[in-house]
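Undergrad: A structural model of the following input is requested.
(2 chains)
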Amino acid sequence: MDGASANPADAAQPIPAQAGIGLRAPHHREFIARRPDIPWVEVHSENFFADGGRQMEVLDAVRRDYGISLHGVGLSIGSTDGLDAEHLRRLQRLVKRTQPALVSEHLSWSSVDGVYSNDLLPMPHTTEALLHFSAQVGQVQDFLQRQILIENVSSYLRFPEDSMSEWQFITELAQRSGCGILLDVNNVYVSARNHGFDADAFITAIPVVLIQEIHLAGHTVVSDEGRELLIDTHDAPVCDPVWDLYQRTIARTGPLPTLIEWDSKLPTLDRLIAEARRADTVAGVSHARVA
Amino acid sequence: MRALHEAQADFLAAVLGRDPAHAAPWPQRRLAVYRTNARENFLAALEAAFPLLQVLMGHDEFRAMAWAFQRSCPPRSGNQFYCGERLAGFLATHLAGTADAELAEVAGFEWLIQEVMVAADSAERFDFGQLAAIPAARHGALRFRFHPAVRLYTAGLPLFGLWQAYQQDGTVAQAALATTAKPEALLIRRSGEGVELHRLAPAEFRFLVALLGGASLEAAVGPAAADGGECPDPGQLLARWISAGVITGLAA
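TA: Prediction:
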């Protein structure tokens, strides 16, 4: 295998409007052995930038039976450095090989002058930043020859330069660039609590037609000088207020592909699947895979 | 109002903690979330790539080393796989002259394992028919193609034993480091979900290094005999590594 293209006879599986799970390395072996009844999985793109080896074998095996979403965490689209050509080339190669139903990245940046923070840093919500991010998304989509989704991130700080809300920014971004929105309901909740805005106002402000996927995750609450500070840790079950927010979101959008993200303190595969089942129940959709 | 680049540069400087003046305008507890994320994500990438080094250094010292490394050699890629790419070079300088200087060799060894794990696959098998068609008089000019997931490494530490011990139970006796070390030559190759190590004699190591570097068979015999001894039978060496799937073909 040249590592660049999938077998055409081995068509990619679609992603239905049901819940999937983030597939992480500690679950690979069990997942392949058990083939659980879950319609789709999401993997972090960068974990499969390899030229070959076991990781790629795992992905090839999974994609034969499950819808795949490639979720990037390292492209740093919002950086004024411009796009990392090598990173983008590897993503393109992975997309060709995997033929994922969805490709997504974050409304964030990570680098300045080639130095990276290994984190998803918040964008200033300014016109200059919006125009820059839109142009960068356009470059990514042109290079990949497909639409990508952009996810809102949790944030803990705001730039004093902000001249618009985050929901105005991401809506305008999608309308300008043609990208879709990956709405992370937990991130909306975390940022709303941290910055004191109304989470429902964020979600209802976004045109339904732009939202193509939803993320759900757990977070951690710490103290910030006597006040609560919510941190997006992906190391816990989805909390009840986020389930409630998800239910109100789905009531507006209708069922959408929904992902349970759990990256730290990983639970058992069964526990993860149970969270996905709960998301289907909340959304009022069947758990069964569509043949 | 700052331009986007300036705003991002100020923010990243505050996150990476290079200049206290950049951190001052921000609420410190909230800024600390980004600082912690940057540190812990970097640390996690190093822990995943250098498990043996972490055991040998100890958890606390490894963490302290990671911060020093991040400050000195901040990541240059958004792909966290590359966080450890320059660690061996950093440690060679950072630990020079200390009792732990040899740990740089462990980092170099483990980074090669990382490379092997993500190297390309190859289904190529050596074509003996192609070799048979080449007159013996031209065999000295032959060059060989290796499987992409193969690396060669030499170190003063007994890495073979350290790695085997770590693989067995995740621990390594500190006494293993104190053994009378002599240069150890290794071939590292991907095998299943992990790697396989082979200890090589010095002459065999030099022979393979030369071939892997693109030297002709005739040219590789010279370095192999560099210590004054005789080069082992090149034919036997080739047969061994061809049958093992390490040498996969004739290079153009």
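
Undergrad: does stretch A:80-92 come close to chain B?
TA: Yes - Stretch A:80-92 lies within reach of chain B by Cβ under 8 Å from any Cβ of the partner chain, at A:Thr80, A:Asp84, A:Glu86, A:His87, A:Arg90. Placement of C-beta: from N, CA and C, glycine included.

Undergrad: buried set for that stretch?
TA: Within stretch A:80-92, the residues scored as buried using 16 or more other Cβ atoms under 10 Å in any protein chain shown are A:Thr80, A:Asp81, A:Leu83, A:Asp84, A:His87, A:Leu88, A:Arg90, A:Leu91, A:Gln92.

Undergrad: So which elements touch the helix or strand bottoming out on mean pLDDT in chain A?
TA: When each helix and strand of chain A is scored by mean pLDDT, DSSP states H and E, strand A:220-224 comes last, with a mean of 93. Judged by 3 or more Cβ pairs under 8 Å, 6 or more residues apart in numbering or on different chains; DSSP states H and E, the packing partners of strand A:220-224 are strand A:227-231.

Undergrad: Parallel or antiparallel, which strands does the strand it packs on pair with?
TA: Here strand A:227-231 is paired, per DSSP bridges, with strand A:220-224 (antiparallel).

Undergrad: For the partner strand, output the C-alpha coordinates as CSV.
TA: Taking Å, rounded to 0.1, in the frame of the first residue of the first chain, the C-alpha atoms of strand A:220-224 are listed here in CSV:
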residue,chain,number,x,y,z
THR,A,220,-14.0,19.9,35.3
VAL,A,221,-14.9,22.6,37.7
VAL,A,222,-12.2,24.4,39.7
SER,A,223,-12.1,27.5,41.9
ASP,A,224,-11.0,30.9,40.5
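
Undergrad: ok, the residue in the stretch 1-150 of chain B that chain A sits nearest to - contacts?
TA: Residue nearest to chain A within the stretch 1-150 of chain B: B:Gly78 (3.0 Å; Cβ to the nearest Cβ). Applying Cβ atoms under 8 Å, 6 or more residues apart in numbering or on different chains, we find B:Gly78 in contact with A:Glu46, A:Val73, A:Gly74, A:Leu75, A:Ser76, A:Asp84, A:His87, A:Ser110, A:Ser111, A:Tyr116, A:Asn118.

Undergrad: A:Trp243 against A:Thr281, yeah?
TA: No - if you go by Cβ atoms under 8 Å, A:Trp243 and A:Thr281 don't touch, sitting 10.0 Å apart.

Undergrad: which of the two has more neighbours?
TA: Shown here are A:Trp243 and A:Thr281; by other Cβ atoms under 10 Å in any protein chain shown, A:Trp243 has more neighbours (19 against 13).

Undergrad: related to what we said a few turns ago, can you list which of the contacts of B:Gly78 are found in strands?
TA: The strands, defined by DSSP state E, take in A:Ser110, A:Ser111, A:Tyr116, A:Asn118 from these.

Undergrad: After the helix or strand containing A:Glu128, which helix or strand is next?
TA: Assessed by DSSP states H and E, A:Glu128 sits inside helix A:127-144. Beyond helix A:127-144 on the C-terminal side, the first helix or strand identified by DSSP H and E is strand A:149-151.

Undergrad: After that next one, which helix or strand is next? Please name it.
TA: Taking DSSP H and E, what comes next after strand A:149-151 is helix A:166-177.

Undergrad: Next, see if that following helix gets close to chain B.
TA: No - Helix A:166-177 stays clear of chain B (Cβ under 8 Å from any Cβ), getting no nearer than 12.8 Å.

Undergrad: Remind me what that helix packs against, helices and strands.
TA: Helices and strands touching helix A:166-177, by 3+ Cβ pairs under 8 Å, 6+ apart, are helix A:127-144, strand A:149-151, strand A:180-184, helix A:199-205.

Undergrad: Recalculate using a threshold of 10 Å.
TA: The criterion is 3 or more Cβ pairs under 10 Å, 6 or more residues apart in numbering or on different chains; DSSP states H and E, and the helices and strands that helix A:166-177 contacts are helix A:127-144, strand A:149-151, strand A:180-184, helix A:185-195, helix A:199-205.

Undergrad: Can you confirm whether the fourth one lies near chain B?
TA: What that stands for is helix A:185-195. Yes - interface with chain B: helix A:185-195 contributes A:Asn194 (Cβ under 10 Å from any Cβ of the partner chain).

Undergrad: before we move on, what about the third one?
TA: No - using Cβ under 10 Å from any Cβ, strand A:180-184 never reaches chain B; the gap is at least 16.1 Å.

Undergrad: What helices and strands are in contact with that strand?
TA: In this structure, strand A:180-184 packs against strand A:102-106, strand A:149-151, helix A:166-177, strand A:211-217, helix A:240-253, strand A:258-261, with contacts taken as 3+ Cβ pairs under 10 Å, 6+ apart.

Undergrad: does the fourth one come close to chain B?
TA: No - judged by Cβ under 10 Å from any Cβ, strand A:211-217 stays clear of chain B, getting no closer than 14.8 Å.

Undergrad: quick one: average confidence on the helix or strand hosting B:Gly89?
TA: Assessed by DSSP H and E, B:Gly89 sits inside helix B:87-94. Per-residue pLDDT values over helix B:87-94 give a mean of 97.

Undergrad: Next: stretch B:145-158.
TA: Mean pLDDT, stretch B:145-158: 96.

Undergrad: Could you list the buried residues of that stretch?
TA: Judged by neighbour count (16+ other Cβ under 10 Å), stretch B:145-158 contains these buried residues: B:145-155, B:157-158.

Undergrad: Chain A next: which of those are close?
TA: Among the buried residues of stretch B:145-158, proximity to chain A is found for B:Pro148, B:Ala149 (Cβ under 10 Å from any Cβ).

Undergrad: Adding distance to A:Gln212, write the buried residues of stretch B:145-158 out as TSV.
TA: What follows is the buried residues of stretch B:145-158, written out as TSV (distance: Cβ to Cβ, whole Å):
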residue	distance to A:Gln212
B:Arg145	45
B:Phe146	45
B:His147	42
B:Pro148	37
B:Ala149	38
B:Val150	43
B:Arg151	43
B:Leu152	48
B:Tyr153	47
B:Thr154	53
B:Ala155	51
B:Leu157	52
B:Pro158	55
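
Undergrad: Sort out which one of the buried residues of stretch B:145-158 lies nearest A:Glu42 for me.
TA: Closest approach to A:Glu42 among the buried residues of stretch B:145-158 (Cβ to Cβ): B:Ala149, at 27.4 Å.

Undergrad: OK, contacts around the closest one?
TA: B:Ala149 makes contact with A:51-53, B:115-122, B:188-191, B:195, B:245-246 under the criterion Cβ atoms under 10 Å, 6 or more residues apart in numbering or on different chains.

Undergrad: Tell me where the chain is predicted with low confidence.
TA: All of this refers to chain A. Low-confidence segments of chain A (pLDDT under 70): A:1-11, A:289-291.

Undergrad: Switch to chain B, please.
TA: Within chain B, the stretches with pLDDT under 70 are B:173-181, B:224-231.

Undergrad: residues contacting A:Glu172?
TA: A:His125, A:Thr127, A:Leu130, A:Leu131, A:Phe133, A:Ser134, A:Met164.

Undergrad: run the last query once more with 7 Å
TA: A:Glu172 is in contact with A:Leu130, counting by Cβ atoms under 7 Å, 6 or more residues apart in numbering or on different chains.
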